[in-house]
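**Q** Sequence first, predicted coordinates after that:
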Amino acid sequence: MLRFFKSSLPAQLLVLLALVLALRLPLLWLGLPLTAAELRLLLLGEGVAAGAWPYRDLYDGTAPLAAAVAGVLELAWGRPVLLYRTVALLLLLVQALRFNAVLNRADVHPERGYLAALTYLVVGSLSTELDALSPLLLGHTFIIFALSALLPTSREGYDNRRLFRAGFLIGLAALCYLPLAFFVGLGFFAVLIFAASSFRSALLLVCGFLSPYAVVATVFLYVGALPNFQDMHLERGLHPAVAATDGLPPAVAWPLLAGAAVLLALALLRTASTALGLVMQAKFRQLMLVWLLIAVAALVVGRGLAPGSLLLLLPPLTYFSLFLWQRLPGREWAPELLFVTVLGLVVVVRYRDLVPGLPTLLHLPAESTFAPQPNPAYRRLVAGRPVLVLGPGRRAYLAHPAARPYLDWPLAAADFGHLTEYAAVVRVGRSLGPNPPTYIIDQNRLLPRLRYLLPTVFGGYELVPGVPGAYQLKK
């Protein structure tokens, strides 16, 4: 199999696409439940599509560019779960093929072909979490495209447009998922080993990185959302509890990352024993080692639990695996056997939920068991009416839009958790008074106090029979 993909003919590309679709589509066809990350994007998309501004009309810590993409997809199709899955698959394909093309064009490995894309897509199919659209998946696409701008050609070297474009793309990535801003460090290292004028080149990179932030900050300044943008995105975006929001529990996320790390360790050992002939090849290996360190730093910020965390390891894993798939003198079968073993393990882990007893045998619960599950009691509530959930549970949002602006409970708790403060009570009244939600799910028994403090806003709610903690606005 490896020998077949060492060619760059169109037939190899078609077989690669067929293999990936055969690996991923059956489970998507059988149906994957809506993930917590997708649910958050759906709620954001509904608000943005309705004309609400993130951080001003929607209190949520999701990065602004990811929220904007969710709004565009919502305009194309109401609650576009299938569109989310399609976009996620296309983004992963684009990342793999783009990274493969950069490696081939830069001649960083003696052999060319589609081995890099093959490794990227096969290992990327290990977790069904990468079948779902997430801010990290969106942002990582910009990082992959920034790589080519960080690699100067022998004819032109670095120029203003290339370095500025690299920084700009990294800035767009950070506007999707803030920890991706660490990849500015990768740009600095590339400037250090490739550029003739390091200070000027680094300044161009920084200007490119700050440009999208300057544009976004200016827009939020004019709409009155700049203070909240600073608080909810810039200050909270690198907090581990925020970066890991909506991810898988450690019992699932860490073993999946550990499996990829084992393959990466084998690839690093094989790479260390391989001599490189060209200076460019040696420098690129150094660049990928720094990429690995930055990816680990981003993983640490998200505790390895952020949705799509496996993506951070895929580029360095893909590059170093190229040395692992090289022929061994007298043991040409060994790389082939290893790759078939990896492919088989990916299939087993991905489809473990379909085989009774296999998750228990592997000590690895299926990702689908941690997806938000609908509450049968909420069927009594009229679907499509806005709901305010006073608590961390989000199951009511599976069939109802969220009442604006309180989408994220940790942010909402800044008001609802301080009802003894006059300022917090005023903010709640101003936020919900003009458009009170049809339903309130009171998970923290706050409604009696809210009725006392804000009777004009919360005095018209009555308990819904048969739905614990649910109240409906009576007009």
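**A** Right, received. Where do you want to start?

**Q** which residues sit in contact with the residue nearest to residue 97 when sequence neighbours are not counted?
**A** Closest residue to residue 97 apart from its sequence neighbours, by Cβ to Cβ, 6 or more residues apart in numbering: residue 117 at 5.5 Å. The C-beta positions use only the backbone N, C-alpha and C, and glycine is treated the same way. Listed by Cβ atoms under 8 Å, 6 or more residues apart in numbering, the contact partners of residue 117 are 16, 96-97, 99-100.

**Q** Let me have those residues in a markdown table, extended by pLDDT, secondary structure and distance to residue 209.
**A** As requested, the contacts of residue 117 are exported to a markdown table (pLDDT from 0 to 100; DSSP: H, G, I helix; E, B strand; the rest coil; distance: Cβ to Cβ, whole Å):
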| residue | pLDDT | secondary structure | distance to residue 209 |
| --- | --- | --- | --- |
| 16 | 92 | helix | 33 |
| 96 | 96 | helix | 25 |
| 97 | 96 | helix | 25 |
| 99 | 96 | helix | 21 |
| 100 | 94 | helix | 26 |
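
**Q** Which two of the residues you listed have the greatest separation?
**A** Among these, the pair separated by the greatest distance (Cβ to Cβ) is 16 and 99, at 13.3 Å.

**Q** Quick check on residue 402: phi, psi?
**A** Its backbone dihedrals place residue 402 at phi -80, psi 140, with angles given as degrees, to the nearest 10.

**Q** what's the answer for the one 5 residues further on, then?
**A** In this entry, residue 407 is assigned phi and psi values of phi -90, psi -30 (degrees, to the nearest 10).

**Q** how near is it to residue 70?
**A** 12 Å (Cβ to Cβ, to the nearest Å).

**Q** repeat for residue 250
**A** When distance is defined by Cβ to Cβ, residue 250 is 27 Å away from residue 70.

**Q** which of the two has more neighbours?
**A** When neighbours are counted by other Cβ atoms under 10 Å, residue 250 and residue 70 differ, and residue 70 comes out ahead with 28 against 13.

**Q** does residue 246 really touch residue 36, like I thought?
**A** Yes: the criterion here is Cβ atoms under 8 Å, and residue 246 meets it with residue 36 at 3.9 Å.

**Q** Need the residues touching each of those two.
**A** Residues within reach of residue 246 and of residue 36 at once, by Cβ under 8 Å, 6+ apart, are residue 307.

**Q** Please name the nearest non-neighbouring residue to residue 427.
**A** Using Cβ to Cβ, 6+ apart and skipping the chain neighbours, the partner closest in space to residue 427 is residue 415 (5.1 Å).

**Q** repeat for residue 108
**A** Here the residue nearest residue 108, using Cβ to Cβ, 6+ apart, is residue 284, at 4.1 Å.

**Q** same deal with residue 99?
**A** Across the structure, with Cβ to Cβ, 6+ apart as the measure, the residue nearest residue 99 apart from its sequence neighbours is residue 144 (5.4 Å).

**Q** Please, which helix or strand holds the residue nearest to residue 433 when sequence neighbours are not counted?
**A** The spatial neighbour of residue 433 that comes closest, neighbours along the chain excluded (Cβ to Cβ, 6+ apart), is residue 457 at 5.0 Å. Remark: residue 457 resides in helix 455-458, with elements defined by DSSP states H and E.

**Q** could you dump that helix to PDB, C-alpha only?
**A** The C-alpha coordinates for helix 455-458 follow below in PDB (Å, rounded to 0.1, in the frame of the first residue of the first chain):
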ATOM      1  CA  PRO A 455     -41.000  41.300  39.200                       C
ATOM      2  CA  THR A 456     -41.700  43.100  35.900                       C
ATOM      3  CA  VAL A 457     -39.300  40.700  34.000                       C
ATOM      4  CA  PHE A 458     -39.800  37.400  35.900                       C
END
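
**Q** Going by neighbour count, list what's buried in it.
**A** Within helix 455-458, the residues that qualify as buried by neighbour count (16 or more other Cβ atoms under 10 Å) are 457-458.

**Q** From the rest of the structure, what touches the helix or strand that that helix is followed by?
**A** Once the chain leaves helix 455-458, the next helix or strand it forms, by DSSP H and E, is strand 461-463. For strand 461-463, contacts defined as Cβ under 8 Å, 6+ apart pick out 440, 447, 451, 470-474.

**Q** Neighbour count for those - can I get that in TSV?
**A** Conversion of these to TSV gives the following (neighbours: other Cβ atoms under 10 Å):
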residue	neighbour count
440	25
447	17
451	15
470	22
471	22
472	20
473	17
474	8
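
**Q** Tell me which two of those sit farthest apart.
**A** By the measure Cβ to Cβ, 451 and 470 form the most distant pair in the contacts of strand 461-463, at 15.3 Å.

**Q** C-terminal to the stretch of helix or strand residue 89 belongs to, what's the next element?
**A** Secondary structure assigned from DSSP H and E places residue 89 in helix 81-106. From helix 81-106 onward toward the C-terminus, using DSSP H and E, the following helix or strand is helix 115-123.

**Q** which residue ranges form the helices in the stretch 151-300 of the chain?
**A** Assigned by DSSP state H, counting those that start in this stretch, the stretch 151-300 of the chain shows helices spanning 160-174, 184-194, 198-223, 226-229, 240-243, 250-272, 279-301.

**Q** where's the first one relative to the chain centroid, distance-wise?
**A** It refers to helix 160-174. Between the mean C-alpha location of helix 160-174 and the chain-wide mean there is a distance of 19 Å, by Cα atoms, centre = their mean, to the nearest Å.

**Q** can you list the residues that contact stretch 18-27?
**A** 89, 93, 118, 121-122, 125, 128, 131, 346-347, 350-351.

**Q** Swap in 10 Å and give it another go.
**A** With Cβ atoms under 10 Å, 6 or more residues apart in numbering as the test, stretch 18-27 has contacts from 1, 5, 28, 85, 88-89, 92-93, 96, 117-118, 120-122, 124-125, 128, 130-131, 343, 346-347, 350-351, 353-354, 368.

**Q** circling back to that earlier point, if you count contacts, what does the helix holding residue 89 end up packed against?
**A** In terms of contacts (3 or more Cβ pairs under 10 Å, 6 or more residues apart in numbering; DSSP states H and E), helix 81-106 is packed against helix 10-30, helix 36-49, helix 64-76, helix 115-123, helix 135-149, helix 279-301, helix 314-324.

**Q** Of these, which is nearest residue 257?
**A** Proximity of the helices and strands packed on helix 81-106 to residue 257 was assessed by Cβ to Cβ; the nearest stretch is helix 279-301, lying at 7.4 Å.

**Q** Run the angle between that closest one and helix 184-194 for me.
**A** Computed with axes from the mean of the first three to the mean of the last three Cα atoms, to 10 degrees, the direction of helix 279-301 lies at 160 degrees from that of helix 184-194.

**Q** same for helix 279-301, what does it pack against?
**A** Under the contact rule (3+ Cβ pairs under 10 Å, 6+ apart), helix 279-301 is packed against helix 81-106, helix 135-149, helix 184-194, helix 240-243, helix 250-272, helix 314-324.

**Q** for that helix, what is the average pLDDT?
**A** In this model, helix 279-301 has a mean pLDDT of 92.

**Q** Now do that helix: distance to the chain's middle.
**A** Using Cα atoms, centre = their mean, the distance from the centre of helix 279-301 to the centre of the chain it belongs to is 20 Å.

**Q** Count residues in the vicinity of the nearest residue to residue 38 once chain neighbours are set aside, would you?
**A** Take residue 38 and drop its neighbours on the chain: the residue closest to it by Cβ to Cβ, 6+ apart is residue 132, 5.1 Å away. Each residue near residue 132 was counted by other Cβ under 10 Å, and the total is 26.
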